[in-house]
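1. Fold the following and give me the result.
(3 chains)
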Amino acid sequence: MKNNRLTGKLLSTPYIVWAAIFIIVPLGMVFYYGLTDKTGAFTLENIAAILSAEHSKALWISLGLSLISTVICFFLAYPLAMILANMNVSQHSFIVLIFILPMWMNFLLRTLAWQTLLEKTGVINILLSFLHLPALNIINTPYAIVLGMVYNFLPFMVLPIYNSLVKIDPNVVNAAKDLGANGVQTFFKITLPLTIPGIISGITMVFIPALTTFVISKLLGGSKILLIGNVIEEEFTQAGNWHLGSGLSIVLMIFIIVNMAVSAIFDKDGEGSFL
Amino acid sequence: MKKLSALAVCLAAAFSFMGCGGSSSGENGEVIVYNWGEYLDPEAIELFEEETGIKVIYDEFETNEIMYPKVEAGASEYDVICPSDYMIQKMLENDLLAELNFENLPNAKANIGEQYWEQSKEFDPENKYSVPYCWGTVGILYNKTMVDDTVDSWSILWNEKYTDNILMQDSVRDAFMVGLKLNGYSMNSTDTTELEEAKNSLVQQKPFVQAYVVDQVRDKMIGNEAAIGVIYSGEAIYTQRENPDLEYVIPKEGTNVWIDSWVISKNAPNKENGEKFIDFMCRPEIALMNFDFITYSTPNNAARELIEDEDIRNSPIAFPDLSQYDNLETFQYLGEDADRIYNDLWKEVKSE
Amino acid sequence: MIKAVSKKIYIILIFIFLYAPIATLMVLSFNASRTRAKWGGMTFHWYISLFDNREILQALWNTLFIAFVSSFIAVIIGTVACIAINHMGKHKRAIVMGITNIPMLNADIVTGISLMLLFISLGIKFGMGTILLAHITFNIPYVILCVMPRMRQLNPSTYEAALDLGASPIYAFFKVVFPDILPGVLSGFLMAFTMSLDDFIITHFTKGAGVDTLSTKIYTEVKKGIKPEMYALSTIIFITVLFLLFLINKAPKEREK
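-> Numbers count the residues shown, from 1 in each chain, chains lettered A, B, ... in the order given. Just a heads-up that it's a prediction; the model follows:
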């Protein structure tokens, strides 16, 4: 046992040193910038800035859109994951790769491609008018932003749910059926509860990037809707006010921590089950 | 999972074929250039390397603002940088630029037109730090088949008829330039009431705007996605070539005349090579090569003389006679406080 | 029967959704016009000029090199960290896992700028090395998230039994533990590789002059329009990976026959 502890210490050292230098120190810098002003004096102004009309509006819209996207992702992903999980098991890695593959095409190129598809004179509308159907006018609206979020983050929802579904022992499901439960009951009493860790990490993996994105609203939302990610990005790249940008990032971190705390409640072992 | 490992092995095999790109410096040292993306003909760099034996390390940025912190923080040591007017002023004020030795820049002195040196004085008062590389105006690009009104004023961007057909610039200063000029003010205004008025105009305009974009004005106008857009003159020539229905206009209320210039950074490790590079770029035939490649107007008069196509040499878009227009201005750096006011007002517009 | 058909239709719809933009990119790679907004006829020109373009090819090598090396190192550090975290008490484990999640969840630009400031204050010269350090940092969490669940499913007594039977800890690890966590390690590698390929912002702030990846090239190209060569390159990458996938997926099936 003592020996065990020693190896534990020895093994954990490289990572802890790494995390201290490359995660904690940079994070400390963000806090330093966020809690000081230009002169270096302590201030809470950059944190309180979230309360201003524009910032809080941006935050609410971001929360709303990423929540909607997360819900849509969930309802698209769950049935898909169930269908995939019932397929031939030997294809497991193939399925995983098929969902990761689109991500090997550059993110910006993929999102620009959606612009080509959705525009007024875009591919989809040309097809629709060819079929004498009404045009689809969602480019530069919140709908297009949600579509972009769902598109980019759907794999992050499918994979963890799929993985937790695959892990379920088929005997458990069969036992429930033997005991007289119908399909719906089995699903809600057995399958769904057993996949909660997967669902939770799926939600985290979709919600957080959706909350902080700025490229999607720029390219598909026509920059007409200001998300909190855009505000932070512009403070750093256009306005050059790193203090305000860092302050708002700290506020965003609160939501991230809340999300993590919620996952911790459901995922008591602290293991996470991403893949 | 065996398949996964097989894939990993394939990837590993692919890697064993490639070496890590080692950078050996040329026989006469090197020069590190930091320029806008796609803002120079790559062949010009090769010619420079062949002739001088100086290796060019070429790096690109996409906005002035993303370039500035990298230079200011000293993350990388750059020799030659190509910022815009107001950013040069900001870099000067923050002591980031080195004075140029014009004895090493004979081509710059001989070939760059007098008017451009004059204009540069707005941000480099004694013409000591910068050599103009590209310049242009900002104006309205419209599609003749979709617009039947006369386009000669910024006010066309406030015409309800073109709702969802207007493209605005998605950057603070460019957007406020339009708002301020519309109301007859200077685009370098720091007067809060004037700025407030410009902001109200922009808010009023928002329902008519299809999208706020930076570089996609070009593609969207070519594809007939919108009828009217605010665009840089250098892009106008290219878009017209792709879509002949497009027309470029400098509005009567005046506009922004911008210059992107070569500068040398204060901590440049290879200052003399940097000056050689700048001077090489000022040679008429090299400047012409770059003009052909990027289609942004060149301040190099000798290069302009070499343009064979008369339509382009005398193009009112590429080389407008600026004396015909009133209220032309160049952006100035307004200081941190004014920047803050601009940004806050812009956020109000965007979050409407 | 209806159920099976509707399942198929559902999967097909999702696949159209996921792959429609990619099909668009592929079509654009054959577009003779330089702009994505106009169809100028069919051409293979971009595929030819791609291989003359020294910069894009160099950027491709850099991208693959960085992705491969950074995910490889991240896998080693991450897997070792997982073993260590597995040994920790509940609270300590929760804290370490929380810290691990930070770079994954923080806005990229914040991570990028803070790493840039860190490298400056440490006096490290910007270049390939700094990009690697940054990529390893944001890759480790993905590795840990993939390896950790496998690690938790392990039966610790097999490892102890191996030790009791006289195996050295390292031998026991590679003989007993490693085969069981291998799937997690591999998907961690794949995930890290993917994230590294796609990153732009962190790379931008941590790269030195003249070191470009495909992402940084694409973003600077936006000003003058994406070069059609980029579409061509993406198409080649996609087809290659897809081909490899099918090949690998097919091989074991034939053996079964």
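2. near chain B, which residues of the stretch 1-150 of chain A show up?
-> A:38, A:53-55, A:57-58, A:92-94, A:97, A:115, A:119-121, A:140 (C-beta under 8 Å from any C-beta of the partner chain). No exception for glycine: its C-beta is placed from N, CA and C like everyone else's.
3. so where's the longest helix in the chain?
-> The chain I'm using is chain A. helix A:53-85 (DSSP state H).
4. The intended chain is chain C.
-> Longest helix in chain C, counting by DSSP H: helix C:54-87.
5. Show me which positions of stretch C:17-36 end up buried.
-> C:18-22, C:24-31, C:34-36 (16 or more other C-beta atoms under 10 Å in any protein chain shown).
6. These: which ones sit near chain A?
-> C:18-22, C:24-25, C:28, C:36.
7. coming back round to it: which is the succeeding secondary structure element to the longest helix of chain C?
-> helix C:90-105 (DSSP states H and E).
8. Quick one: distance of that following helix to the chain centre.
-> 21 Å (C-alpha atoms, centre = their mean, to the nearest Å).
9. ditto for stretch B:68-84
-> 16 Å.
10. mind listing what's buried in it?
-> B:68-71, B:73, B:75-84.
11. next one: stretch C:209-226
-> So, applying 16+ other C-beta under 10 Å, buried residues of stretch C:209-226: C:209-226.
12. Now, the buried residues of stretch C:17-36 that are in helices?
-> C:18-22, C:24-28.
13. Kindly present the residues you listed as CSV, with separate columns for pLDDT.
-> As requested, these are exported to CSV (pLDDT from 0 to 100):
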residue, pLDDT
C:Leu18, 93
C:Tyr19, 94
C:Ala20, 94
C:Pro21, 94
C:Ile22, 94
C:Thr24, 92
C:Leu25, 92
C:Met26, 93
C:Val27, 92
C:Leu28, 91
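14. for the residues you listed, which one is nearest chain B?
-> Within these, the smallest distance to chain B is 11.4 Å, found for C:Leu28 (C-beta to the nearest C-beta).
15. What sits closest to that closest one if chain neighbours are left out?
-> C:Tyr231 (4.6 Å; C-beta to C-beta, 6 or more residues apart in numbering or on different chains).
16. Which strands or helices does the longest helix of chain C pack on?
-> helix A:2-19, helix B:2-16, helix C:90-105, helix C:128-153, helix C:178-198, helix C:214-221, helix C:228-256 (3 or more C-beta pairs under 8 Å, 6 or more residues apart in numbering or on different chains; DSSP states H and E).
17. if we go to 6 Å?
-> helix A:2-19, helix C:128-153, helix C:178-198, helix C:214-221 (3 or more C-beta pairs under 6 Å, 6 or more residues apart in numbering or on different chains; DSSP states H and E).
18. Enumerate the positions of stretch B:201-213 that are buried.
-> Here stretch B:201-213 shows B:201-202, B:205, B:208-213 as buried, counting by 16+ other C-beta under 10 Å.
19. Look up how far chain B lies from C:Ser70.
-> Noted for C:Ser70: a distance of 12 Å to chain B, by C-beta to the nearest C-beta, to the nearest Å.
20. Report the contact partners of that residue.
-> Counting by C-beta atoms under 6 Å, 6 or more residues apart in numbering or on different chains, C:Ser70 touches C:132, C:135-136, C:139, C:196.
21. From these, pick the one nearest B:Ala108.
-> Taking C-beta to C-beta as the measure, B:Ala108 lies nearest C:Leu132 of the contacts of C:Ser70, at 39.6 Å.
22. which parts of the stretch 151-257 of chain C sit against chain A?
-> Proximity of the stretch 151-257 of chain C to chain A, by C-beta under 6 Å from any C-beta of the partner chain, involves residues C:152, C:187, C:194, C:198, C:218, C:234, C:245, C:249.
23. Please spell out the ChimeraX selection for the buried subset of the residues you listed.
-> Per 16+ other C-beta under 10 Å, the buried members of those correspond to this ChimeraX selection:
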select /C:187,194,198,218,234,245,249
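24. from the residues of the stretch 151-257 of chain C next to chain A, which is closest to C:Gly78?
-> C:Ser187 (11.8 Å).
25. pLDDT value on that closest one, please?
-> pLDDT, C:Ser187: 80.
26. other SSEs contacting the helix or strand B:Val257 falls within?
-> Using DSSP H and E, B:Val257 maps to strand B:257-264. With contacts taken as 3+ C-beta pairs under 6 Å, 6+ apart, strand B:257-264 sits against strand B:80-81, helix B:85-93, strand B:131-143, helix B:271-281.
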